[in-house]
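Engineer: Just need the structure, nothing else, for what follows:
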Amino acid sequence: MASLEQLAAQLYDAGAVQLGDIEAMKGRRTPIYFDLRVVVSHPSIMMAVVLHLQNLADEIEHDILCGVPYAALPFTAIMSVNSNTPMIMKRKEKKLYASKKILEGIFQPKQKCLVVEDVVTSGGSLLETVGTLRDEGLIVTDAVIVLDREQGGASILKRNGVRVHSLLTLGKLVKMLRDAGRISDETVETVFDHIKVSQFGVGDNLEIAE
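Structural biologist: Below you'll find the predicted structure:
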């Protein structure tokens, strides 16, 4: 299995890490953007990500897995097969006919569901999934993610009873990329400055009901 340092360089080389003045969520600008969707075209990188996520998951008690739509779904599916752990899927919208389900798959109330996500910035997408799972009677206390952008999302999730376990933080990622010769010291400083001034918090009203 590739080390995290090797994985960071592979993600950069595959185009999953993009640099520049990029428009991100809610019209905010960012000097670095992380797009894990491209990894589906790189099976070896995808498997490396999955193996690292599985290492985190093995330390957390859970009965089933659920990936946040859509980028995390391929990773979750492979984790499910590799670990023989059932998976459920959250629909973007409730089915309007037949079963009218919001969750696809088999589950029972009070089962512990581990959520899988690619990137946490504000935590909003993950919170939405957690809210749906809890509404359906599942217990959600933990999430495994690839990257924590360190912009307050993990703290917001913690306030809502969800512990975030990340493979990488944005700070660690850019240091790894610098040490691997992919980016400059100046870029590292720019990213750290961005982290300091681009924080989500209480005023962003992202909390969900327990």
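
Engineer: got the contact list for the helix ranked longest in the chain?
Structural biologist: Ranked by residue count and defined by DSSP state H, the top helix of the chain is helix 43-57. Helix 43-57 is contacted from outside by 1-2, 4, 6-7, 10-11, 14, 16, 36, 39-40, 65, 74-75, 78-79, 82-83, 114, 116, 144, 146, 165, 167, using C-beta atoms under 8 Å, 6 or more residues apart in numbering. Yep, even glycine has a C-beta here, placed from its N, CA and C like the rest.

Engineer: in that helix, what's buried?
Structural biologist: When burial is assessed from 16 or more other C-beta atoms under 10 Å, helix 43-57 yields the following buried residues: 45-50, 52-54, 56-57.

Engineer: same deal with stretch 101-109?
Structural biologist: For stretch 101-109, the neighbour count (16+ other C-beta under 10 Å) marks 102-103, 107 as buried.

Engineer: State the number of residues packed around residue 70.
Structural biologist: Residue 70 is flanked by 11 other residues according to other C-beta atoms under 10 Å.

Engineer: do the one 10 residues further on as well
Structural biologist: A total of 19 residues lie near residue 80 under the criterion other C-beta under 10 Å.

Engineer: ditto for the one 4 residues further on
Structural biologist: Close neighbours of residue 84, defined as other C-beta under 10 Å, add up to 6.

Engineer: same deal with residue 3?
Structural biologist: Neighbours around residue 3, by other C-beta under 10 Å: 11.

Engineer: Let me know the distance separating it from residue 191.
Structural biologist: 21 Å (C-beta to C-beta, to the nearest Å).

Engineer: again with residue 37
Structural biologist: As judged by C-beta to C-beta, residue 37 and residue 191 stand 21 Å apart.

Engineer: between those two, who's got more neighbours?
Structural biologist: Set side by side, residue 37 and residue 191 show more neighbours around residue 191, with 24 against 12, by other C-beta under 10 Å.

Engineer: Which secondary structure element is home to that one?
Structural biologist: Using DSSP states H and E, residue 191 sits within helix 185-197.

Engineer: name the helices or strands packed onto that helix?
Structural biologist: If you count contacts as 3 or more C-beta pairs under 8 Å, 6 or more residues apart in numbering; DSSP states H and E, helix 185-197 packs onto strand 29-34, helix 170-179.

Engineer: What are the buried residues along the first one?
Structural biologist: Of the residues in strand 29-34, those scored as buried under the neighbour-count criterion (16+ other C-beta under 10 Å) are 30-32, 34.

Engineer: Ends of stretch 153-173, what's the gap?
Structural biologist: In terms of C-alpha to C-alpha, to the nearest Å, the two terminal residues of stretch 153-173 are separated by 17 Å.
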